[in-house]
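> Here is a sequence together with a model predicted from it:
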Amino acid sequence: TGSDRGLLRPMMMQIEQRYNRRPRRYLVDGGFNKNEDTEWAADLDVNVYGPPIRSKHNTDPYAPRPDDDPGVAAWRRRMKSPHGKSVYKRRSMGECINARVRQWGLRQFTVRSQAKVQTVLHLFALANNILQGHRLLSTPA
């Protein structure tokens, strides 16, 4: 569909199936969750952390809405809080490396087998770590 909207529930079910447990907190990208999914997760005692959609009407996205169910209202309060914002900010670490790897040309694997794919990923991780180490050593204190 060109959008990740509505994939929170199937992804969370996949996590539970793979690891035989569900997360207590679920950090998601903007646009990944729908209100129905956020409510579903709240019913399972899973706290969703993801930014609310900013409307074109310039209304406060954190403000409670009359049609919000309890889980969605709790999510809005959570994301408005300093704690919620700091939890969501952690997502940027993963996004940075994903963007960098795409910039380096890793869009599709040209190797087959899990071992070869892991080798390619390890080489990208090593290159990233070397460059990050160099950047940190070069930065004046």
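On my side now, so go ahead.
> how close does residue 62 sit to residue 19?
31 Å (CB to CB, to the nearest Å). For glycine as for every other residue, the C-beta is placed from the backbone atoms N, C-alpha and C.
> Between the two, which is the more surrounded one?
More neighbours surround residue 62 than the other of residue 62 and residue 19, with 15 against 9 (other CB atoms under 10 Å).
> so residue 88 touches residue 47, yeah?
No. At 11.4 Å, residue 88 does not count as touching residue 47 under the criterion of CB atoms under 8 Å.
> Helix or strand: which one has residue 29?
Using DSSP states H and E, residue 29 sits in no helix or strand.
> How about residue 135?
Counting by DSSP H and E, residue 135 is found in helix 114-138.
> which strands and helices sit next to that helix?
helix 91-103 (3 or more CB pairs under 8 Å, 6 or more residues apart in numbering; DSSP states H and E).
> and the angle for the least confident helix or strand in the chain by mean pLDDT with helix 114-138?
Using mean pLDDT, DSSP states H and E, the weakest-scoring helix or strand in the chain turns out to be helix 91-103, at a mean of 82. For helix 91-103 against helix 114-138, the angle by axes from the mean of the first three to the mean of the last three CA atoms, to 10 degrees is 110 degrees.
> Buried residues, helix 91-103. List them.
Neighbour-count burial for helix 91-103 flags 91, 101 (criterion: 16 or more other CB atoms under 10 Å).
> Please name every helix or strand in contact with it.
Counting by 3+ CB pairs under 8 Å, 6+ apart, helix 91-103 packs on helix 114-138.
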